[in-house]
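Engineer: Structure for the following, please:
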Amino acid sequence: MVIYGRNPVREAIRGPRAVHRVWATAKAAQEPWLGDSGVAVSVAEVDEIERRCGTADHQGVCAEVSPFVYADPSTLLGAGPGLIVALDQIQDPQNLGAICRTAECAGARGVVIPERRSAEVTAAVCKASAGAVEHLPVARVRNLADFLAEAKTAGRWCYGAEAEAGVAYDTVDYAETAVLVMGAEGRGLRPRVAAGCDLLVAIPLRGRIASLNVSAAAAVLIYAIAGG
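Structural biologist: Okay, here's the model as predicted:
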């Protein structure tokens, strides 16, 4: 797997994944974090880096790394107090990456995504997360509604984000063992997933725009629950 961008490559070097090789422009290769990394660095032209990673959004550096290893959902549930973010069919890699970045910065336990009809942790997601996925457990489950049932059995409270919910997000005393469930942009939570939540909450909209981007909404709710 080839990842790209300064932050993703730097965090991959700092994280648990094996970084086999790095390609960098002459300027990027002079970055102290790269020179001191102990990883083999090959100086390359911009077009070679773009060819290797398949995008011009590489910031002068890309790296060959080991495949991303997904976390065990049961391990997340047994990890004690702390927020878990569950995403119901978020298919845009930019949104998945942005949510993972916020979750990691807020100290969340991890993120859970379905195996089907969901973005996976790709190089684009690594880039959008600014490398946060290298430090944040991301688990995949076959059925998200079943995972929520298991979460409640494990003593966790599940809060779903729903635009039409009658409870404002900032009026809730959230449990320390919370699971925040975000739905796909435009579609929201699927009925069975919404039914599996203990409480549905809404973010009041006081402007003229009808909705927030899902990653922006997730940032509001993640910090409301986990950010203190």
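
Engineer: my guess is residue 52 meets residue 62, correct?
Structural biologist: Yes. Taking C-beta atoms under 8 Å as the definition, residue 52 is a contact partner of residue 62 at 5.5 Å. Just so you know, the C-beta spots here come from the backbone N, C-alpha and C atoms, and that holds for glycine as well.

Engineer: Please enumerate the shared neighbours of those two.
Structural biologist: 2, 23 (C-beta atoms under 8 Å, 6 or more residues apart in numbering).

Engineer: which one of those two has more residues nearby?
Structural biologist: More neighbours surround residue 62 than the other of residue 52 and residue 62, with 28 against 17 (other C-beta atoms under 10 Å).

Engineer: could you point out which element follows the helix or strand hosting the more buried one?
Structural biologist: Per DSSP states H and E, residue 62 falls inside strand 61-65. Going down the chain from strand 61-65, the next helix or strand is helix 73-77, by DSSP H and E.

Engineer: That next one - contacts with which helices or strands?
Structural biologist: strand 110-114, strand 138-141, helix 144-153 (3 or more C-beta pairs under 8 Å, 6 or more residues apart in numbering; DSSP states H and E).

Engineer: Excluding covalently adjacent residues, which one is nearest to the spatially most central residue of the chain?
Structural biologist: What sits nearest the mean C-alpha location of the chain, by C-alpha atoms, centre = their mean, is residue 100, with 2.1 Å. Setting aside the residues directly before and after it, residue 100 is nearest to residue 129 in space (C-beta to C-beta, 6 or more residues apart in numbering), at 4.3 Å.

Engineer: pretty sure the one you found is touching residue 105, no?
Structural biologist: No. Taking contacts as C-beta under 8 Å, residue 129 lies outside contact range of residue 105: 10.1 Å.

Engineer: Now do the same contact list for residue 82.
Structural biologist: Here residue 82 is in contact with 107-109, 176-177, 226 (C-beta under 8 Å, 6+ apart).

Engineer: Could you tell me whether it really is in a helix?
Structural biologist: No. The assignment for residue 82, made by DSSP: H, G, I helix; E, B strand; the rest coil, is coil rather than a helix.

Engineer: Show me what the helix or strand of the chain with the lowest mean pLDDT is packed against.
Structural biologist: Within the chain, no helix or strand scores below helix 32-35, which has a mean of 84 by mean pLDDT, DSSP states H and E. With contacts taken as 3+ C-beta pairs under 8 Å, 6+ apart, helix 32-35 sits against helix 6-14.

Engineer: if we can go back for a sec, out of the contacts of residue 82, which two are the most distant from each other?
Structural biologist: Checked with C-beta to C-beta, the contacts of residue 82 reach their widest spread between 107 and 177, with 14.1 Å between them.

Engineer: who's more crowded, those two?
Structural biologist: Neighbours of residue 107 and residue 177, each counted by other C-beta under 10 Å, are more numerous for residue 177; the result is 20 against 13.

Engineer: could you say what helices and strands the strand holding residue 62 packs with?
Structural biologist: For strand 61-65, the packing partners by 3+ C-beta pairs under 8 Å, 6+ apart are strand 2-4, helix 6-14, strand 19-24, helix 46-53.

Engineer: Which segments of the chain make up each domain?
Structural biologist: 2-65, 73-225 (automatic domain parsing).
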